[in-house]
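K.L.:
sequence first, predicted coordinates after that:
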Amino acid sequence: MAHLEVDAAPITGGAVAGLIREALASLDKDQETARHCLMGVERLLTPEPSLGGGLAVWQVKRVRKYIDAHLAEHMSVQTVAREVRLGPSHFSRTFRKSFGLPFMQFVARKRVERAQRMMVATDFRLCEIALLCGFADQAHFSRAFHHHAGETPARWRRLALGELALRFRK
């Protein structure tokens, strides 16, 4: 697997495009490298949270880690608040200050982002991706996906795969 210095890379279209090209080139022979590249793209495109009046740095890290590890499962404010030793109300307020979104909207966005990565990197059916990303069913997935991405999952996948194929050929 190639080692990539994603965190040190400047956030540019070229950096993102390079990671996507490497992911596409690695899909057939090295899925771990492809997965690493796509996670790098996500890190480049996800803004760092504002910590002023929000969660402590250790809490932000623990929340991110917990959400990533449990994205396919039912997740509640109460459960994640317990992980960072806060009550649900205080956690909700400080989470929003730190991440700029209410907790459940943030989780839904993360689920859609994971689904987008899976739609590009795998040939799983949309109903499988929906369940693997923590959506109750494909209808719930489609509604959330359209809300966050502005397209239906099927259309987004067609457009993304077509665009990536064109970029890869250049």
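P.N.:
Okay, I see it. Numbers count the residues shown, from 1 in each chain.
K.L.:
could you use CA atoms for every contact and neighbour count after this?
P.N.:
Fine.
K.L.:
which stretches of the protein form helices?
P.N.:
Taking DSSP state H, the helices of the chain run over residues 13-26, 31-45, 57-70, 77-83, 88-99, 103-121, 126-132, 138-149, 153-169.
K.L.:
what is the fifth one packed up against?
P.N.:
Just to be clear, that refers to helix 88-99. helix 77-83, helix 103-121 (3 or more CA pairs under 8 Å, 6 or more residues apart in numbering; DSSP states H and E).
K.L.:
will you turn those into JSON lines that also has mean pLDDT and mean neighbour count?
P.N.:
Below are these laid out as JSON lines (pLDDT from 0 to 100; neighbours: other CA atoms under 10 Å):
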{"stretch": "helix 77-83", "mean pLDDT": "98", "mean neighbour count": "16"}
{"stretch": "helix 103-121", "mean pLDDT": "96", "mean neighbour count": "20"}
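K.L.:
reformat those helices as a markdown table; add distance to A139.
P.N.:
Converted to a markdown table, the helices and strands packed on helix 88-99 look like this (distance: least, CA to CA, whole Å):
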| stretch | distance to A139 |
| --- | --- |
| helix 77-83 | 23 |
| helix 103-121 | 13 |
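K.L.:
and of those, who's closest to R35?
P.N.:
The closest of those to R35 is helix 103-121. By CA to CA, the value is 7.8 Å.
K.L.:
report the angle between the closest one and helix 88-99.
P.N.:
50 degrees (axes from the mean of the first three to the mean of the last three CA atoms, to 10 degrees).
K.L.:
next one: helix 103-121 to chain centre, how far?
P.N.:
Taking the mean of its C-alpha atoms, helix 103-121 sits 5 Å from the chain's own mean (CA atoms, centre = their mean, to the nearest Å).
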